[in-house]
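Novice: would you be able to build a 3D model of this:
(one chain, ligands or ions: 1)
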Amino acid sequence: MSHISIAIDGPAAAGKSTIAKRVAKKLEFLYIDTGAMYRAVTLYVLEHGDDIIKDIASHVHITFGINDEVYLNDKDVSSEIRSPEVTNNVSRVSAIGEVRTYLVDMQREISRTSSVVMDGRDIGTTVLPDADVKIFMQASPAVRAERRLLEETARGNNIDIAALTAEIIRRDEIDSTREISPLVQAEDATLLDTSHLSIDEAEQKIIQLVEDKLEVQ
Ligand code: DC
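Specialist: Below you'll find the predicted structure:
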């Protein structure tokens with residue numbers, strides 16, 4: 001049987017990773033957080049400088065652990081890639097062509113060998129244009145800032161809501177106006193606004209879309 005792919009795109013803090021992870025678990029597919037890959041590259045670039053980008057393949061090796069841990073050159077960087085410094089630089093680094101080519105090739109390779117739920121910004125448009133199911137996940141800026149606040153508080157970071165809102169708006173602006181594969185809803189993606197949905201409800205809606213799609217094939 002050929003592998004199935006589910007693409008989930010959308011702006012920062014729309015609920016993509018929380019929901020994608022649960023959908024993947026339920027379907028027993030691999031979950032791939034492509035934002036984490038861009039964050040890992042950003043961490044490496046912050047530590048070693050932009051010059052490494054021209055030879056990125058020989059510097060940066062990214063793998064995932066069984067509990068979605070992110071390894072950069074065999075070191076678990078799952079927490080470090082969520083630092084404010086990485087968050088503030090990731091949109092700049094992920095707009096660079098060499099970085100995108102390197103990671104997009106890796107993402108496509110993974111989907112060739114496994115059924116995947118992949119979340120990011122350009123999965124339905126660029127990485128997996130033939131994905132079986134495409135979802136564009138949205139939520140209002142106020143709801144997204146509130147979600148980020150809960151996440152940051154859980155990590156022990158004390159960041160105020162105004163700063164988080166500004167960061168989300170800034171990142172969305174860079175991600176959706178960059179030249180190479182900007183954040184945009186694919187024409188054939190289903191829009192899912194999670195502003196007023198619980199995690200269970202959003203998960204259920206995606207599972208339903210997948211079941212509908214697979215039934216008619
Ligand atoms: O999903 P996230 O917020 O962890 O993603 C971090 C950044 O990575 C995001 O602001 C833009 C970039 N990104 C991207 O350019 N393409 C993707 N497929 C995923 C993330």
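Novice: buried residues, stretch 208-217. List them.
Specialist: Buried residues in stretch 208-217, counting neighbours by 16 or more other Cβ atoms under 10 Å, are found at 209-210. Backbone N, C-alpha and C define where each C-beta goes, glycine included.
Novice: what mean pLDDT does stretch 188-204 get?
Specialist: Averaging pLDDT along stretch 188-204 yields 96.
Novice: repeat for stretch 79-93
Specialist: For stretch 79-93, mean pLDDT is 94.
Novice: buried stuff in that stretch?
Specialist: For stretch 79-93, using 16+ other Cβ under 10 Å, the buried residues are 80-83, 86-87, 89-91, 93.
Novice: show me where the protein has its helices.
Specialist: With helices called from DSSP state H, the chain shows them at 16-27, 34-48, 56-59, 84-94, 97-113, 141-154, 161-177, 199-215.
Novice: which of these sits closest to the ligand?
Specialist: Of all these, helix 34-48 sits nearest to the ligand, with 2.4 Å by Cβ to the nearest ligand atom.
Novice: quick one: buried residues of the closest one?
Specialist: Neighbour counts over helix 34-48 (16+ other Cβ under 10 Å) mark 34-46 as buried.
Novice: about what we covered before: got the helices of the chain as CSV, with distance to the ligand columns?
Specialist: As requested, these are arranged in CSV below (distance: least, Cβ to the nearest ligand atom, whole Å):
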stretch, distance to the ligand
helix 16-27, 6
helix 34-48, 2
helix 56-59, 15
helix 84-94, 4
helix 97-113, 7
helix 141-154, 10
helix 161-177, 5
helix 199-215, 16
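Novice: what's the closest of these to Glu69?
Specialist: helix 34-48 (9.5 Å; Cβ to Cβ).
Novice: other SSEs contacting the closest one?
Specialist: Contacting helix 34-48 under the criterion 3 or more Cβ pairs under 8 Å, 6 or more residues apart in numbering; DSSP states H and E are the following elements: helix 56-59, strand 62-64, strand 70-72, helix 84-94, helix 97-113, strand 116-120.
Novice: for those, which one ends up most surrounded?
Specialist: Among the helices and strands packed on helix 34-48, strand 116-120 has the highest mean neighbour count (mean count of other Cβ atoms under 10 Å), at a mean of 28.
Novice: pLDDT on that one, on average?
Specialist: Per-region confidence: strand 116-120 scores 98 on mean pLDDT.
Novice: give me the residues contacting it.
Specialist: For strand 116-120, the surrounding residues in contact (Cβ atoms under 8 Å, 6 or more residues apart in numbering) are 3-10, 16-17, 20-21, 23-24, 27, 29-35, 107, 110-111, 127-128, 131.
Novice: tell me who's in contact with Lys205.
Specialist: Contact partners of Lys205, counting by Cβ under 8 Å, 6+ apart, are 192, 197.
Novice: how about the helices of the chain in JSON lines, adding distance to Asp193?
Specialist: Shown next, in JSON lines, are the helices of the chain (distance: least, Cβ to Cβ, whole Å):
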{"stretch": "helix 16-27", "distance to Asp193": "12"}
{"stretch": "helix 34-48", "distance to Asp193": "20"}
{"stretch": "helix 56-59", "distance to Asp193": "36"}
{"stretch": "helix 84-94", "distance to Asp193": "23"}
{"stretch": "helix 97-113", "distance to Asp193": "26"}
{"stretch": "helix 141-154", "distance to Asp193": "9"}
{"stretch": "helix 161-177", "distance to Asp193": "15"}
{"stretch": "helix 199-215", "distance to Asp193": "9"}
